[in-house]
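Asker: here's my sequence, what's the structure:
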Amino acid sequence: MITALFTGIAAALWMRAALRYGAIAIAVLLFLFALRRSGERAGRLAERLETSEKTIGVQRQMLDAAARRPRDRNDLADRLRDGRF
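Answerer: Numbers count the residues shown, from 1 in each chain. As a prediction, the model looks like this:
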């Protein structure tokens with residue numbers, strides 16, 4: 001029954017053209033939605049990369065500061081006397 005109805009609808013030339021253009025329109029819309037979603041995902045990944053680069057930079061500064069710290073009280077006193085602190 002459904003196949004007979006579909007063959008009756010698809011038999012009309014204008015209906016086949018309408019179905020074809022409708023399918024093309026739906027395919028284009030789905031493609032645009034997928035493109036939008038992948039763009040949003042790329043934006044989130046870029047933001048995550050930027051944040052991690054900032055974090056790594058801060059950690060590197062902390063490690064550099066820790067490497068330059070005085071080893072003991074005598075070293076601290078020497079630096080204070082010499083004005084290198």
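
Asker: specify the local secondary structure of residue 41.
Answerer: At residue 41 the chain is in helix, as set by DSSP: H, G, I helix; E, B strand; the rest coil.

Asker: report how many residues lie close to it.
Answerer: For residue 41, the number of neighbouring residues by other Cβ atoms under 10 Å comes to 10. In short, each C-beta sits where N, CA and C put it, glycine included.

Asker: for residue 55, see how far away it is.
Answerer: Residue 41 sits 21 Å away from residue 55 when distances are taken as Cβ to Cβ, to the nearest Å.

Asker: check residue 46 too.
Answerer: From residue 46 to residue 55 the distance is 15 Å (Cβ to Cβ).

Asker: could you do residue 40 as well?
Answerer: Where residue 55 is concerned, residue 40 sits at a distance of 23 Å (Cβ to Cβ).

Asker: which parts of the protein are helices?
Answerer: With DSSP state H applied, the chain shows helices at 2-11, 13-67, 73-82, listed in chain order.

Asker: helices or strands up against the longest one?
Answerer: The reference is to helix 13-67. Applying 3 or more Cβ pairs under 8 Å, 6 or more residues apart in numbering; DSSP states H and E, one finds that helix 13-67 contacts helix 2-11.

Asker: now the helix it packs on: mean pLDDT?
Answerer: Averaging pLDDT along helix 2-11 yields 60.

Asker: pLDDT score for residue 65?
Answerer: Value for residue 65, per-residue pLDDT: 89.

Asker: what's the burial count for it?
Answerer: 9.

Asker: roughly how far apart are it and residue 58?
Answerer: Taking Cβ to Cβ, one finds residue 65 at 11 Å from residue 58.
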